[in-house]
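Chemist: Quick check, what structure comes out for this input:
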Amino acid sequence: MRIRQKFLSLTVVIFLCATGFTQDDPLQSALLGFKGGLNFATVSTENLDSPDFRTDFYVGLAAEAMLTEKFGLQIETLYSRQGFEIRHQFREKRTVKINYIQVPILVKAYLLEGLNIQGGIQLGFKLNGEIDDSLLVNDMDLESDAIKSFDFQLASGIEYKFKNGFFMQVRYSYGLSEIINDSEIHNSVLSAGIGFMFY
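Modeler: A predicted model of the protein is given here:
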């Protein structure tokens, strides 16, 4: 229930940010849009032997507010399906699934018309997590209820936005927090997607 309340609150904040300004130049307006795409999610760690990518989707809302002609902020609320796969004992494949509400808060810099780079922080609120079977890491038996409820990340990416509001982007995020206490396992996610901003 608390996660749902946070999601609704963040969605309202994004909507208010997007409708708070009205200017003639789209690049200097606050815009509301939606986006979706694919996550190529894995983890960074020395305690697991070559974890593989888990490919799944993300979808959500985005708001862009330009501070100057070239620089602005972008805030998003995303439902993001992440995790990783690994070959465990006897080469059996195990899947770790972690679904988040992700809240990127990014600074945008337009290099050319439509082309921009982004960087900032990302707040991850776990909705649920599932491990196919227990995993042994550093003599610890990892289970689904051991997955932490919050993940603090850094994020960066590149985007191209067309004049009609359609955009394409690629982004990478890295978790500074451990997803499981004392495991040295960190989220590492490459995502690619498309979206549309309403002018």
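Chemist: Going along the chain, name the helices of this protein.
Modeler: Counting by DSSP state H, the chain forms helices over residues 2-19, given from the N-terminal end onward.
Chemist: Where does pLDDT dip in it?
Modeler: Confidence mapping of the chain against pLDDT under 70 gives the ranges 1-29, 88-91, 133-144.
Chemist: What are the boundaries of the strands in it?
Modeler: Across the chain, reading from the start of the chain, the strands by DSSP state E fall at 30-44, 54-66, 71-87, 93-112, 115-131, 135-137, 140-142, 150-161, 166-175, 186-198.
Chemist: Rebuild the ones you listed as JSON lines, extending it with mean neighbour count.
Modeler: Backbone N, C-alpha and C define where each C-beta goes, glycine included. Below are these laid out as JSON lines (neighbours: other CB atoms under 10 Å):
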{"stretch": "strand 30-44", "mean neighbour count": "19"}
{"stretch": "strand 54-66", "mean neighbour count": "19"}
{"stretch": "strand 71-87", "mean neighbour count": "21"}
{"stretch": "strand 93-112", "mean neighbour count": "18"}
{"stretch": "strand 115-131", "mean neighbour count": "17"}
{"stretch": "strand 135-137", "mean neighbour count": "17"}
{"stretch": "strand 140-142", "mean neighbour count": "15"}
{"stretch": "strand 150-161", "mean neighbour count": "18"}
{"stretch": "strand 166-175", "mean neighbour count": "18"}
{"stretch": "strand 186-198", "mean neighbour count": "18"}
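Chemist: Residue 130 contacts residue 97, correct?
Modeler: Yes. With contacts counted by CB atoms under 8 Å, residue 130 reaches residue 97, the gap being 4.5 Å.
Chemist: what bridges to the spatially most central residue of the chain?
Modeler: The geometric centre of the chain, computed from its C-alpha atoms, lies nearest to residue 102 (CA atoms, centre = their mean), at 5.0 Å. In this entry, residue 102 is beta-bridged to residue 78, residue 124, by DSSP bridges.
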